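[1] Take this sequence and fold it.
(chains A and B)
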Amino acid sequence: MNRPGPPAIQQLQLFRSTSTDPYYNLALEQRLMEAVPEDCCTLYLWQNQHTVVIGRSQNAWRECRTALLKEEGGALARRLSGGGAVYHDLGNLNFTFLMPSRHFDLDRQLEVIARACAQAGIQVRRSGRNDLLAGGRKFSGSAFYRAGGKSYHHGTLMVRVDKERLNRYLSPSAAKLEAKGVPSVQARVANLADYAPDLTCQDMDGLLEASFAEVYGLPVRPAPAPEKASVEPLRQRNASWEWVYGPRLPFSFQCERRFPWGEVQLQLNVERGRVSEARVYSDAMDWLLPSRLERALTGVPFVFEALCRSLEGELSDLPQMCQDLCLMLKEQEIG
Amino acid sequence: MNFPAELKYTRHHLWVKMDGNTASVGITDYAQDALGSIVFINLPQEGDATTAGESFGDVESVKTSSELICPVSGTICAVNEDLADMPDDLNLAPYRHWIIKVDQISGTEELLDADAYQALCAQK
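    Numbers count the residues shown, from 1 in each chain, chains lettered A, B, ... in the order given. The predicted model follows:
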């Protein structure tokens, strides 16, 4: 005998973010997921300005040239879903399908995307579980998150992304790191505009809304906006250094250099974004140097400026050594 | 699918084994099957406080990332650090590998027996 299935989706909602702040948009996404009604699927469309977004379980420095990104005014954000690092700018449109977990249907959700692309004159195909390809190249990657009986499926749609910047940021920092975590998978990427030269993100936005209604066979209504006051604390968490760089993802860092005054080897264990243990080896004449460096570095946030400041405090009597060591750290791109 | 009778379960798909005033916590066979191959686990630290119904860590599988919702309020007295290196042990033997142990327990989520939990899973 057939058991009655769970109630089907009865209503569709759409929400567009007017912000291009990744921390705010990711906070909004989480609140929209919590708020999605039991019989509803919400489509959320959003764009981030000049941002690298890393996966939930990734090491920031290993996936992204964080120092370079910061120097050029970009933002680094961590999302709740798994998977690899991606680059967003205003040539990229993000989509999120949010629903009670029992309504999660990857095939149907990706059909919405594929149909919108077909309307733009671009034939796409799926690759593996998470990617969409046009002309054999990836233009969209998906990732997934679930909590409290709700799920989301979100992804990128590269319409006209600055590929030069994408390639520049999505490489490891110079630092030698030993880290657990989930590495990114490199892919040959394409912009949809490579295949439909006049296509804009705004066009795709409209095509997605229409395709959403067609695939689910229901009208689309605007979703109520989450209260600003409830979004703000999440935005602050998303923007915090602790969240982006320092969650429970321990790793170790090593670097060594020969200077005119001797050789130095640093080994740092980093937990929750701070140096939990420092080991320093040196053949410098100053036999106290290793223990002084270890003392100076332990407990300090794993950020170039903070490490340097601490070295300057400890080595005020050895300005040349201090300057050399700071330069060595700078070259590790631990922004 | 396996539902050992000596364990308690939560609707967030974790199992609990009480041993005196210490609770061992892991994910259920149903959870590991739904998640698929687990590639990473974010573990808490010993000494962290837990709150029943709130996240104490998360797992990332090939399909999704998912919060681990703590069944009990208390203090984490042990963390299974081996899982950091071999998270797919949770797929291979979900009831053999506890994730955390919690003591100084001051409250719990609703705990289900094996039959009630199995019935819950059957509804999905």
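[2] For residue 95, pull up the helix or strand it's in.
    Defaulting to chain A. Using DSSP states H and E, A:Phe95 falls within strand A:92-100.
[3] Give the phi and psi angles for A:Pro301, as a check.
    phi -60, psi 140 (degrees, to the nearest 10).
[4] nope, A:Ser184 is what I was after
    Dihedral angles of A:Ser184 (phi, psi; degrees, to the nearest 10) stand at phi -80, psi 160.
[5] before we move on, back to that, if you count neighbours, what's buried in the next helix or strand after the strand holding A:Phe95?
    Remark: after strand A:92-100, the chain's next helix or strand is helix A:106-119, criterion DSSP H and E. Within helix A:106-119, the residues scored as buried using 16 or more other C-beta atoms under 10 Å in any protein chain shown are A:109-117, A:119. C-beta: built from backbone N, CA, C; applies to glycine.
[6] Do any residues in helix A:106-119 lie close to chain B?
    No - using C-beta under 8 Å from any C-beta of the partner chain, we find that helix A:106-119 stays clear of chain B, coming within 9.0 Å at best.
[7] now do stretch A:43-59
    Yes - contact of stretch A:43-59 with chain B (C-beta under 8 Å from any C-beta) involves A:55-57.
[8] and what of stretch A:297-317?
    No - using C-beta under 8 Å from any C-beta, we find that stretch A:297-317 stays clear of chain B, coming within 15.6 Å at best.
[9] So, low pLDDT: which residues of the chain?
    This is for chain A. For chain A, the stretches with pLDDT under 70 are A:1-7.
[10] that answer is for a different chain, and I need it for chain B
    Residues of chain B that meet the criterion pLDDT under 70 lie in B:124.
[11] So for the spatially most central residue of chain B, what's the nearest residue that isn't a sequence neighbour?
    Chain B has B:Gly26 as the residue nearest its centroid, 2.8 Å off, counting by C-alpha atoms, centre = their mean. Leaving aside its chain neighbours, B:Gly26 sits nearest to B:Trp98 (4.8 Å; criterion: C-beta to C-beta, 6 or more residues apart in numbering or on different chains).
[12] give the contact list for the one you found.
    B:17, B:24-26, B:80 (C-beta atoms under 8 Å, 6 or more residues apart in numbering or on different chains).
[13] are any of those residues buried, and which?
    The buried subset of these (16+ other C-beta under 10 Å) comprises B:17, B:24-26, B:80.
[14] Let me know the closest of those to A:Glu214.
    B:Gly26 (43.6 Å; C-beta to C-beta).
[15] Phi first, then psi, for that closest one.
    According to degrees, to the nearest 10, B:Gly26 has phi -150, psi -180.
[16] and what of the one 4 residues further on?
    Here the main-chain torsion angles of B:Tyr30 (degrees, to the nearest 10) amount to phi -60, psi -40.
[17] thought it was touching B:Thr10?
    No - using C-beta atoms under 8 Å, B:Tyr30 makes no contact with B:Thr10, being 11.5 Å away.
[18] what about the helices in chain B?
    Ranges of helices in chain B, per DSSP state H, are B:29-35, B:82-85, B:89-92, B:114-122.
[19] Just name whatever secondary elements the first one is in contact with.
    Looking back up the chat, that one is helix B:29-35. helix B:89-92 (3 or more C-beta pairs under 8 Å, 6 or more residues apart in numbering or on different chains; DSSP states H and E).
[20] Give me the contact list for the helix it packs on.
    B:26-27, B:32, B:35, B:37-38, B:41, B:59, B:82-83, B:96-97, B:99.
[21] make it 7 Å
    Identification of contacts with helix B:89-92 by C-beta atoms under 7 Å, 6 or more residues apart in numbering or on different chains yields B:27, B:32, B:37-38, B:83, B:97.
[22] buried residues in stretch A:70-85?
    A:74-85.
[23] List just the nearest of those residues to A:Leu268.
    Using C-beta to C-beta, A:Leu76 comes nearest to A:Leu268 of those, at 20.3 Å.
[24] Now the residue nearest to B:Gly26. Its backbone dihedrals?
    With angles defined as degrees, to the nearest 10, B:Trp98 sits at phi -70, psi 150.
[25] quick one: it from chain A, how far?
    18 Å (C-beta to the nearest C-beta, to the nearest Å).
[26] what's the closest of the helices of chain B to B:Ser106?
    helix B:114-122 (23.4 Å).
[27] If you count neighbours, what's buried in the closest one?
    Within helix B:114-122, the residues scored as buried using 16+ other C-beta under 10 Å are B:114, B:117-118, B:121.
[28] Now tabulate those residues in JSON lines and tack on distance to chain A.
    Listed next are the buried residues of helix B:114-122 as JSON lines, based on distance: C-beta to the nearest C-beta, whole Å:
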{"residue": "B:Ala114", "distance to chain A": "21"}
{"residue": "B:Tyr117", "distance to chain A": "16"}
{"residue": "B:Gln118", "distance to chain A": "15"}
{"residue": "B:Cys121", "distance to chain A": "13"}
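[29] who's in contact with stretch A:317-335?
    Against stretch A:317-335 from outside (C-beta under 7 Å, 6+ apart): A:61, A:65-68, A:70, A:173-175, A:255, A:257, A:259, A:261, A:264, A:302-304, A:307-308, A:311-312, A:315.
[30] So which residues on chain B come close to chain A?
    On the criterion C-beta under 7 Å from any C-beta of the partner chain, chain A has as its neighbours in chain B the residues B:39-40, B:42-44, B:58, B:60, B:63-67, B:84, B:124.
[31] Now go through the residues of stretch A:43-59 next to chain B and say which are in strands.
    Among the residues of stretch A:43-59 next to chain B, no member falls in strands (criterion: DSSP state E).
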